[in-house]
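[1] next input, structure requested:
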Amino acid sequence: EYLKNQLDQLGIMHQFVPIKGETRDSIAILHSSRQTELLERGPFITKKEQQTFTDHFEQLLELSDIMTISGSLPQGCPLDYYKQLVALADKKGKDILLDTSGKFLLEVLEGKEKPLLIKPNLEELGELIGQR
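    Model (predicted):
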């Protein structure tokens with residue numbers, strides 16, 4: 001609700017899907033050319049909330065040519081959830097930009113439908129291909 005209110009005050013359009021849990025904080029601290037991240041654990045997403053989001057995602061696909069999916073999956077979502085979203089977009093002829101890592105990225109890349117673009121950083125790319 002706080003984020004929605006802030007965006008409303010700035011006149012920025014949004015289309016959030018409400019859930020029971022709280023939005024997590026993700027704080028990046030820049031210091032001496034380095035970055036330290038403080039990441040709270042995200043909320044648990046129920047099957048019903050996942051379906052509500054999936055339905056909303058499909059509606060948004062009708063309004064877009066390209067969409068971005070980013071971050072790690074919330075607790076409660078199946079490992080192949082991003083793969084499911086990429087498949088929905090592909091079915092509608094829409095492109096996906098995917099910014100995730102680890103098992104979430106690998107799951108999508110092993111699927112039949114592919115995103116238009118992935119955005120791993122150097123560490124994530126090394127993890128993906130098994131070398132530094």
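[2] would you map the strands across the chain?
    Under the criterion DSSP state E, the chain contains strands at 26-31, 34-39, 66-70, 95-99, 117-118.
[3] and the longest helix along the chain, what does it pack against?
    The residue-count maximum for a helix in the chain (DSSP state H) belongs to helix 47-63. Helices and strands touching helix 47-63, by 3 or more C-beta pairs under 8 Å, 6 or more residues apart in numbering; DSSP states H and E, are strand 66-70, helix 81-91. Just so you know, the C-beta spots here come from the backbone N, C-alpha and C atoms, and that holds for glycine as well.
[4] how about stretch 94-108: buried residues?
    94, 96, 98, 99, 100, 101, 104, 105, 107, 108 (16 or more other C-beta atoms under 10 Å).
[5] go on, stretch 53-73?
    53, 57, 61, 67, 69, 73.
[6] got a list of what the residue of the chain most remote from its centre touches?
    Relative to the C-alpha centroid of the chain, counting by C-alpha atoms, centre = their mean, residue 32 is the outermost residue, at 29.1 Å. Residue 32 sits next to no residue when contact means C-beta atoms under 8 Å, 6 or more residues apart in numbering.
[7] average pLDDT for stretch 83-94?
    If you average the pLDDT over stretch 83-94, you get 97.
[8] run through who's touching it.
    By C-beta under 8 Å, 6+ apart, the list of residues contacting stretch 83-94 reads 54, 57-58, 61-62, 64-67, 69, 78, 95-96, 98, 107-108, 111-115.
[9] using PDB, write down the CA coordinates of that stretch.
    The C-alpha trace of stretch 83-94 is given here as PDB (Å, rounded to 0.1, in the frame of the first residue of the first chain):
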ATOM      1  CA  LYS A  83       9.000 -20.900 -17.400                       C
ATOM      2  CA  GLN A  84       5.200 -20.900 -17.300                       C
ATOM      3  CA  LEU A  85       5.100 -17.100 -17.700                       C
ATOM      4  CA  VAL A  86       7.600 -17.200 -20.600                       C
ATOM      5  CA  ALA A  87       5.400 -19.900 -22.300                       C
ATOM      6  CA  LEU A  88       2.300 -17.700 -21.900                       C
ATOM      7  CA  ALA A  89       4.100 -14.800 -23.400                       C
ATOM      8  CA  ASP A  90       5.400 -16.900 -26.300                       C
ATOM      9  CA  LYS A  91       1.900 -18.300 -27.000                       C
ATOM     10  CA  LYS A  92       0.600 -14.700 -27.400                       C
ATOM     11  CA  GLY A  93       3.600 -13.700 -29.500                       C
ATOM     12  CA  LYS A  94       5.100 -11.400 -26.900                       C
END
